[in-house]
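**Student:** Here is the input, now give the coordinates:
(2 chains, ligands or ions: 1)
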Amino acid sequence: MNCRRIIKKIEKRSFGNISSSDNFAIRFHLSYCKNCRDYERTSLLLDKMLKKSISQGNTLVYSAEEKQALVDHLQSNI
Amino acid sequence: MINREELVSEHADYLLSFAFSKLRDEDLAKDLVQDTFLAALKNYHEFEQRSSLRTWLTSILNRKIIDHWRKAETKYTTNISNLSKNSDSPDLSEYIGVTDENAETVIEKAELIQQLNDCIDKLPEKWKAVIALRYLEEKKSEEVCKELSLSASNLWVIVHRAKILLKDCLTSGKS
Ligand SMILES: [Zn+2]
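**Tutor:** Just a heads-up that it's a prediction; the model follows:
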């Protein structure tokens, strides 16, 4: 099985949907392919990091002036 | 009749954060929130009191976000050419000093999170959408494909390329 297909399976697995035969194929391939082992390590680390970073700094509020401008805009449009 | 001031004072900030968390673009988020209010005022007769007003507004906004994503660029147009394919680019774990024991503390570092967020911002819009749906909303792959009109194999390619680019971006700061 080639590396491209294994990498696709690794990403599929990280979404949580993978058959046990695919899982076996990944493990077998990783047992001899260093490139894919490296990729898997990076991929899993990025999964963790993305989960952390994506949930931070997401709060944004309008200033009082912006709110007023928004109200004015809504008044004038309808 | 609906009171505009009340509408804005009670829901604008909530909707803005909702949009911003997914889009990571302040101006775009504000545009879509404004469009949402306009659509809500126009179609207020369609609002059924069965759900709360906020739920209804959020569903309008969410549809607008998905519409935006569907239309968004899939291809990495400008910078894809300098996507490094060389295997000698540094290993991410080594580069940021992650080991099996310290991973949880290292990835919580504000500086690293900021760096990763900056890197995410450089990705094409549709790739960001995949990241938001996958890591923020924890959607299943079938749902992500449906919302973004992507094929499954397209999705895996995007996830894979996004990770390569993020890794390159994170490890290119110093050497
Ligand atoms: Zn391989």
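**Student:** Flag the shaky bits of chain A, pLDDT-wise.
**Tutor:** For chain A, residues meeting the criterion pLDDT under 70 lie at A:1, A:78.
**Student:** Equivalent analysis for chain B, please.
**Tutor:** Scanning chain B for pLDDT under 70 picks out the ranges B:1, B:75-88, B:173-175.
**Student:** where do the helices sit along it?
**Tutor:** Secondary structure of chain B (DSSP state H): helices at B:4-23, B:26-42, B:53-71, B:92-96, B:103-106, B:110-121, B:125-131, B:141-148, B:152-171.
**Student:** Find the one among these with the highest mean neighbour count.
**Tutor:** helix B:125-131 (a mean of 22; mean count of other CB atoms under 10 Å in any protein chain shown). In this view, the C-beta of every residue, glycine as well, is placed from N, C-alpha and C.
**Student:** can that helix be found next to chain A?
**Tutor:** Yes - Helix B:125-131 is in contact with chain A by CB under 8 Å from any CB of the partner chain, via B:Ile131.
**Student:** Other residues contacting that helix?
**Tutor:** For helix B:125-131, the external contacting residues (CB atoms under 8 Å, 6 or more residues apart in numbering or on different chains) are A:50, A:54, B:22-24, B:68-69, B:72-74, B:76, B:120-121, B:123, B:144, B:148, B:150, B:155, B:158-159, B:161-162.
**Student:** Against the ion, how distant is the nearest residue to B:Thr58 once chain neighbours are set aside?
**Tutor:** Closest residue to B:Thr58 apart from its sequence neighbours, by CB to CB, 6 or more residues apart in numbering or on different chains: B:Phe18 at 6.2 Å. For B:Phe18, the distance to the ion (CB to the ion, to the nearest Å) stands at 40 Å.
**Student:** Point out the residues in chain A that sit beside the ion.
**Tutor:** Taking CB under 5 Å from the ion as the contact definition, chain A meets the ion at A:3, A:33, A:36.
**Student:** Now do the contacts for B:Thr74.
**Tutor:** Contact analysis of B:Thr74 by CB under 8 Å, 6+ apart lists B:124, B:126-127, B:150, B:154, B:158.
**Student:** and it, how far is that from chain A?
**Tutor:** The gap separating B:Thr74 from chain A is 17 Å, by CB to the nearest CB, to the nearest Å.
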